[in-house]
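[1] sequence unavailable; structure follows:
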């Protein structure tokens, strides 16, 4: 067991391991809470990674679960200490979906379906700025700048040649035609998409309107996997609150849904040609496309 990774992932891995140990001990949340004189909600929040835990509490839980292997206890206590470290994104207090950023930072692969806009990891600065300001009418300039900084910083790992993760995106045709900002911004963005999709760790498929009804009509979702574990997360971005599905029974339908979307979408080469044709549909004044 390692303690590597972002604070969010360390905390979730620690919580999952403590939940496994509780199950092995045959104890319920109520029994654990009663023995340690804490609330049931505290135990639940710790096991789901939504609450930090200190090494002393980890030691107490291990004693309660009769864990005798001191190497396991020490590893869990180390994970608890390191889970208290702050990720770079914590400094941006007003930025939403910080839990997701922590997961994304540690992911080995991300498979996403995006029906309305270009995904954040593939956006140009101008397109990202337009999306942030135009989709949040009450945002202040300072808030918009902070969110733009975070979005661009998230892209560093995706574009880093030495340590990129595997990124696979199925993009609905609607996102290519929706004019964000101005025609020049759109031409730049679509040219940027084609440039990125030629990289070996990024695969982009366009799901054309001609595909008709398909499993992705319910909305955006992303499937994240992590190195060294079979655990994963399905992330559903929603306006009033994000959802994170971690149980295998909840995740498997989205894996099957993604298989169908990939099968119905154009292949990578066809998608690049499709995007190239779409660039010419964005006419008007504005900045010309600029390759990165």
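    Yep, it's here. Source: prediction; values computed, not measured.

[2] can we go C-alpha only for contacts and neighbour counts from here?
    OK.

[3] where do the helices sit along the stretch 51-200 of the chain?
    Taking DSSP state H, counting those that start in this stretch as the criterion, the stretch 51-200 of the chain carries its helices at 55-64, 70-83, 98-106, 125-135, 141-159, 173-177, 183-197.

[4] any chance of these in a markdown table, plus mean neighbour count and distance to residue 47?
    Shown next, in a markdown table, are the helices of the stretch 51-200 of the chain (neighbours: other Cα atoms under 10 Å; distance: least, Cα to Cα, whole Å):
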| stretch | mean neighbour count | distance to residue 47 |
| --- | --- | --- |
| helix 55-64 | 16 | 11 |
| helix 70-83 | 18 | 12 |
| helix 98-106 | 20 | 15 |
| helix 125-135 | 18 | 34 |
| helix 141-159 | 17 | 27 |
| helix 173-177 | 20 | 38 |
| helix 183-197 | 22 | 38 |
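
[5] among those, which is nearest residue 217?
    Set against residue 217 and scored by Cα to Cα, those come closest in helix 173-177, at 11.9 Å.

[6] which residues touch the closest one?
    Residues from elsewhere that reach helix 173-177 (Cα atoms under 8 Å, 6 or more residues apart in numbering): 114-118, 190, 206-209, 275, 278, 282.

[7] tell me the mean pLDDT for it?
    Mean pLDDT, computed over helix 173-177, is 95.

[8] run the chain-centre distance for it.
    A distance of 22 Å separates the centroid of the chain from that of helix 173-177, by Cα atoms, centre = their mean, to the nearest Å.

[9] any regions of the stretch 51-200 of the chain where pLDDT drops low?
    Low-confidence segments of the stretch 51-200 of the chain (pLDDT under 70): 84-91, 93, 160-164.

[10] make it 50
    Of all residues in the stretch 51-200 of the chain, none has pLDDT under 50.

[11] what subset of the contacts of helix 173-177 is buried?
    Buried by 16 or more other Cα atoms under 10 Å: 114, 115, 116, 117, 118, 190, 206, 207, 208, 275, 278, 282, out of those.

[12] gap between the second one and residue 49?
    So the one you mean is residue 115. 30 Å (Cα to Cα, to the nearest Å).

[13] which residue packs closest to residue 10, ignoring adjacent ones?
    Leaving aside its sequence neighbours, residue 10 sits nearest to residue 83 (Cα to Cα, 6 or more residues apart in numbering; 5.5 Å).

[14] wait, that neighbour sits on residue 12?
    No. At 9.1 Å, residue 83 does not count as touching residue 12 under the criterion of Cα atoms under 8 Å.

[15] what's the helix or strand where residue 15 lies packed up against?
    Assessed by DSSP states H and E, residue 15 sits inside helix 7-25. Helix 7-25 makes packing contacts with helix 40-47, helix 70-83, helix 98-106 when contacts are defined by 3 or more Cα pairs under 8 Å, 6 or more residues apart in numbering; DSSP states H and E.

[16] can you put those in a markdown table and add distance to residue 153?
    Output for the helices and strands packed on helix 7-25, formatted as a markdown table (distance: least, Cα to Cα, whole Å):
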| stretch | distance to residue 153 |
| --- | --- |
| helix 40-47 | 29 |
| helix 70-83 | 21 |
| helix 98-106 | 10 |
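
[17] and these: which comes nearest residue 55?
    With Cα to Cα as the criterion, residue 55 lies closest to helix 70-83 of these, at 4.6 Å.

[18] before we move on, back to that, to residue 254, which of the helices of the stretch 51-200 of the chain lies closest?
    helix 98-106 (17.4 Å).

[19] how about the helices of the stretch 51-200 of the chain in JSON lines, adding distance to residue 213?
    Compiled in JSON lines, those are given as follows (distance: least, Cα to Cα, whole Å):
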{"stretch": "helix 55-64", "distance to residue 213": "49"}
{"stretch": "helix 70-83", "distance to residue 213": "43"}
{"stretch": "helix 98-106", "distance to residue 213": "29"}
{"stretch": "helix 125-135", "distance to residue 213": "26"}
{"stretch": "helix 141-159", "distance to residue 213": "31"}
{"stretch": "helix 173-177", "distance to residue 213": "13"}
{"stretch": "helix 183-197", "distance to residue 213": "24"}
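
[20] residue 259: which of those helices is closest?
    Once the helices of the stretch 51-200 of the chain are compared by Cα to Cα, helix 173-177 is nearest, at 17.9 Å.

[21] in TSV, list the contacts of helix 173-177 along with distance to residue 27.
    Formatted as TSV, the contacts of helix 173-177 follow (distance: Cα to Cα, whole Å):
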residue	distance to residue 27
114	41
115	44
116	45
117	46
118	46
190	54
206	49
207	48
208	51
209	52
275	55
278	58
282	61
